[in-house]
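Student: give me coordinates for this.
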Amino acid sequence: MKNLIEKIKDAKLVGRGGAEFPTATKWEMTKKAKGHPKYVICNASEGELAVFKDLYILKNFSEDVVKGMVLAMDFLKTKEAYFNINESYFKKVINKLHPILLKYEKKGYRFTIYKEEPSYIGGEETALLNAIEMKRIEPRMKPPFPVEAGLFSKPTLIHNVETLFNVAKVAEGKFKPKRFYSISGKVRHPGVYYLDDSLTVNQVLEATKNLPKFDFFAQIGGGASGLVINQTQANAQKMIGAGSLQVFPTTIKPRKMLMDWFKFYAKQSCGKCTPCREGSYQLWQLVKNHKEVHWDKIMPIVEAMGKTSFCALGKSIIIPVKSYLTNVLNKKL
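Tutor: Predicted structure coming up:
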């Protein structure tokens with residue numbers, strides 16, 4: 001009989017928050033790390049544009065998510081866990097979540113719920129730790145990583161909602177190589193779908209009856225930081241990151257795309273590092289105050305942010321902008 005960690009390895013589970021780090025490796029690193037107590041955190045912050053699968057999972061599969069947390073706690077031989085939840089989700093799921101947590105609390109497990117204002121930076125795992133510790137919400141220097149020195153400087157296992165759902169399914173012997181897709185944009189049937197994780201973008205759109213009859217492009221992995229692909233690329237490209245898929249007609253104006261992205265980045269920057277703080281502000285001003293898109297001014301800032309920002313927020317801005325410019329607008333850099 002295989003134990004749980006072997007089953008997780010066999011299932012090849014990876015994180016579903018975007019980084020896709022091997023789940024079993026993360027568990028073993030946390031267990032080997034020195035320090036007690038160890039902590040388990042469910043990260044349900046979900047603050048990026050076009051990503052909304054966590055709410056769907058919590059509404060429909062809260063029991064599985066909490067079970068995944070308990071299994072992780074048992075593996076680490078701890079009773080301490082935190083449930084970090086997007087504040088806007090809290091009222092929508094607490095009535096379902098509370099009795100499940102209470103059931104396990106009667107068995108000695110301890111859960112602390114931390115409500116967080118929706119934000120991208122709040123989803124960054126070390127910024128999340130700072131938030132729970134009532135410190136300034138900004139990313140920490142790594143290493144040390146949370147598995148070594150996380151919450152209150154103790155080894156901490158942080159998982160996305162979907163990852164914990166998958167852990168529960170592996171334990172039950174019901175795991176399937178599927179994932180949750182958040183589909184939005186110019187589609188007929190927006191929503192969250194649970195489909196094979198091997199599908200291409202077009203196959204996902206076909207399976208959900210959302211394949212457009214007009215010329216389109218898509219952004220996948222996240223509505224701000226995600227990769228932008230054209231209609232031809234959608235035939236081969238598989239889903240990535242947090243599993244979001246947003247569809248746009250090719251007639252949409254470039255300024256509209258940049259407005260949405262740059263406003264988000266400017267609002268979400270924590271201000272810790274100069275490249276992201278100043279760069280995101282300047283980008284937002286460039287598109288807000290000018291009707292024409294000045295690529296010659298935008299791209300140097302984007303490139304600088306991608307190379308020198310402290311955390312993934314500032315670094316990621318180059319992904320949507322550069323891929324949109326190359327794959328959709330067919331502009332040479």
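Student: measure A19 to I158 for me?
Tutor: 10 Å (Cβ to Cβ, to the nearest Å). Heads up, the C-betas are built off the backbone N, CA and C, glycines and all.
Student: more neighbours, the two?
Tutor: Applying other Cβ atoms under 10 Å to A19 and I158 shows that I158 carries more neighbours, namely 25 against 13.
Student: ok, then the element right after the strand or helix carrying the more buried one?
Tutor: Assigning secondary structure by DSSP states H and E places I158 in strand 156-160. Scanning forward in sequence from strand 156-160 by DSSP H and E, the next helix or strand is helix 161-172.
Student: for that next one, name the packing helices and strands.
Tutor: In this structure, helix 161-172 packs against helix 4-11, helix 23-32, strand 39-44, helix 53-76, with contacts taken as 3 or more Cβ pairs under 8 Å, 6 or more residues apart in numbering; DSSP states H and E.
Student: which residues does the third one contact?
Tutor: With Cβ atoms under 8 Å, 6 or more residues apart in numbering as the test, strand 39-44 has contacts from 17, 54, 58, 65, 68-69, 72-73, 76, 78, 80-86, 89, 123, 125, 128, 132, 150-152, 154-161, 164.
Student: which of the residues you listed count as buried?
Tutor: 17, 54, 58, 65, 68-69, 72-73, 76, 78, 80-86, 89, 123, 125, 128, 132, 150-151, 154-161, 164 (16 or more other Cβ atoms under 10 Å).
Student: helices or strands up against whatever helix or strand L102 lives in?
Tutor: Using DSSP H and E, L102 maps to helix 87-105. If you count contacts as 3+ Cβ pairs under 8 Å, 6+ apart, helix 87-105 packs onto helix 53-76, strand 80-86, strand 110-116.
Student: just the buried residues of that helix, please?
Tutor: By neighbour count on 16+ other Cβ under 10 Å, the buried set for helix 87-105 is 89-90, 93-94, 97, 100-101, 104.
Student: my guess is Q231 contacts K213. True?
Tutor: No: the criterion here is Cβ atoms under 8 Å, and Q231 misses it with K213 at 11.8 Å.
Student: tell me the one among the buried residues of helix 87-105 nearest to Y265.
Tutor: Y89 (22.6 Å; Cβ to Cβ).
Student: which ones are touching the closest one?
Tutor: By Cβ under 8 Å, 6+ apart, the contact set of Y89 is 44, 46, 54-55, 58.
Student: thanks a lot, see you next time.
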